[in-house]
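# Pasting the sequence and the predicted model now:
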There are 2 protein chains.
Amino acid sequence: MENKGLIFVISGPAGSGKGTVVKRLREIMPSIGLSVSATTREPRPGEIDGVSYHFVTREKFESLVENGEVLEHTEYCGNMYGTLVSEARRILDAGNDMILEIEVDGALQVKRIMPDNAVAVMLIAPSREEQERRLRDRGTETEESIAGRVARAEEEIALADRYDYVVTNETGKTDECAEKLRAIISAEHSRYERMKPFVDEYNQR
Amino acid sequence: MENKGLIFVISGPAGSGKGTVVKRLREIMPSIGLSVSATTREPRPGEIDGVSYHFVTREKFESLVENGEVLEHTEYCGNMYGTLVSEARRILDAGNDMILEIEVDGALQVKRIMPDNAVAVMLIAPSREEQERRLRDRGTETEESIAGRVARAEEEIALADRYDYVVTNETGKTDECAEKLRAIISAEHSRYERMKPFVDEYNQR
């Protein structure tokens, strides 16, 4: 009665603390599948194709994107990075879940490309004041860049209705937040739609 | 950002082991609200109205049912027993969740009367063979009554599509099953629809 794996897409605006929470979640759920990203960047010494990354040319990457074979992607320092649909299917078909910690744009891409297998969770700070305080506490941002991030966060949070779940990440409660995410992962596997094949088989005998 | 409590309706056919699992769930979640049932039965010595039960006349009970003020009810040994909508609202409005372990008919009644607040979970044995084995192991049932219960279970499981979740209760894994139910309770509070008031407030300031 194993059902197939699911992709848990976790995103949230700046100051939501998603990096810390997802790191903790991976610690408490070591069975979560790790996906190997594709990139157009040159391999560094010691990096192995298919292990460190799937190294592809920009031309190849772009054709993969065009053919809907890239779940989500982004550009960073002139190189493309993304998650291949084939990579996701390999993990899911083996019955493992995967977690993608990505930006809001990417999260919506994933929901569009694999609607039946993707569960989107938006992580947010407990309040706007707290979000701003976190950005200030980094000490690396100007007031102008903070204002820009807050405005962008507002736009991103307005897209929460495209998400399945919204989880607040209270300050100093990383463990509690990671537990909430673990509960979502567990619960999603028990949803009727996912259990339907089991129910049908149970009753057909 | 407290959201309101939810009613978790847990039901399942004979042999699903729901009694044992719900008992365990109440142990690991002592904060779950206890609802005081209404009944037409006479109070026994020491029983207090509003604490042991809400004692009402049959006439009153029937008019409550007619007016949609009873969430679910059943008749047992000539007396009516049920859960009042007012009792459920009192618990939910205080921000507490409640659990109702009831028959499939009752579960569908609850979903109909409080669709926004009720989450229905069907518990089933891991297989039909295992379900039959459990019924036989009770040692109190004739082959005829077992066949009757199995047939009834089939009808009940065919209603699984009206449920939000289906959870299998593997033999000897009561704790694991109770943890799955706890995860569902946690996750449901994070669903976007339930978090919408928080998201709206966050963005309106």
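That came in fine, so what should we check first? Residues are numbered from 1 along each chain as shown, chains lettered A, B, ... in the order given.
# Outline the domain layout of chain A.
Residue ranges for the domains of chain A, per automatic domain parsing: A:1-32+A:97-205, A:35-95.
# okay, these, which one's buried deepest?
Stretch with highest mean neighbour count among these: domain A:1-32+A:97-205 (a mean of 18; mean count of other CB atoms under 10 Å in any protein chain shown). For every residue, glycine as well, the C-beta is placed using N, CA and C.
# Tell me how far that one lies from the chain's centre.
On the basis of CA atoms, centre = their mean, to the nearest Å, domain A:1-32+A:97-205 sits 7 Å off its chain's mean C-alpha point.
# Let's have the domains of chain A in TSV, adding distance to residue B:186.
Below are these laid out as TSV (distance: least, CB to CB, whole Å):
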stretch	distance to residue B:186
domain A:1-32+A:97-205	4
domain A:35-95	23
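# Can you pull the residues of chain A lying near chain B?
A:1, A:121, A:124, A:126-128, A:154, A:157-158, A:160-161, A:163-168, A:179-180, A:182-184, A:186-188, A:190-192, A:195-196, A:198-199, A:202-203, A:205 (CB under 8 Å from any CB of the partner chain).
# taking these one by one, which sit in helices?
Here DSSP state H is the test, and the residues of chain A next to chain B give A:128, A:154, A:157, A:179-180, A:182-184, A:186-188, A:192, A:195-196, A:198-199, A:202-203 as lying in helices.
# So which residues make contact with stretch A:159-177?
If you take CB atoms under 8 Å, 6 or more residues apart in numbering or on different chains as the criterion, stretch A:159-177 is touched by A:12, A:16-18, A:20-21, A:24, A:104, A:107-108, A:111, A:119-126, A:130, A:134, A:180-181, A:184, B:1, B:187, B:190-192, B:195-196, B:198-199.
# Phi, psi for residue A:34 please.
phi -100, psi 130 (degrees, to the nearest 10).
# list the contacts for the residue nearest to it when sequence neighbours are not counted?
Computed as CB to CB, 6 or more residues apart in numbering or on different chains, the closest residue to residue A:34 that is not its neighbour in sequence is residue A:98, at 7.6 Å. Shown in contact with residue A:98 (CB under 8 Å, 6+ apart): A:5-8, A:32-35, A:88, A:91-92.
# Chain A: strands as residue ranges?
For chain A, strands defined by DSSP state E occupy the ranges A:7-11, A:38-39, A:54-55, A:70-76, A:79-84, A:98-101, A:118-124, A:165-168.
# May I see the ones you listed organised as a markdown table, with mean pLDDT added?
Formatted as a markdown table, the entries for the strands of chain A read as follows, by pLDDT from 0 to 100:
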| stretch | mean pLDDT |
| --- | --- |
| strand A:7-11 | 95 |
| strand A:38-39 | 94 |
| strand A:54-55 | 95 |
| strand A:70-76 | 90 |
| strand A:79-84 | 94 |
| strand A:98-101 | 92 |
| strand A:118-124 | 96 |
| strand A:165-168 | 97 |
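# Is it possible to get the ones you listed out as JSON lines so that each row also shows distance to residue A:139?
Below are the strands of chain A laid out as JSON lines (distance: least, CB to CB, whole Å):
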{"stretch": "strand A:7-11", "distance to residue A:139": "24"}
{"stretch": "strand A:38-39", "distance to residue A:139": "31"}
{"stretch": "strand A:54-55", "distance to residue A:139": "36"}
{"stretch": "strand A:70-76", "distance to residue A:139": "23"}
{"stretch": "strand A:79-84", "distance to residue A:139": "27"}
{"stretch": "strand A:98-101", "distance to residue A:139": "23"}
{"stretch": "strand A:118-124", "distance to residue A:139": "22"}
{"stretch": "strand A:165-168", "distance to residue A:139": "24"}
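# where does chain A dip in pLDDT?
Scanning chain A for pLDDT under 70 picks out A:1-3, A:205.
# quick one on the thing from earlier: distance of the residue nearest to residue A:34 from residue B:56?
54 Å (CB to CB, to the nearest Å).
# can you check residue A:15 too?
Counting by CB to CB - residue A:15 and residue B:56 are separated by 54 Å.
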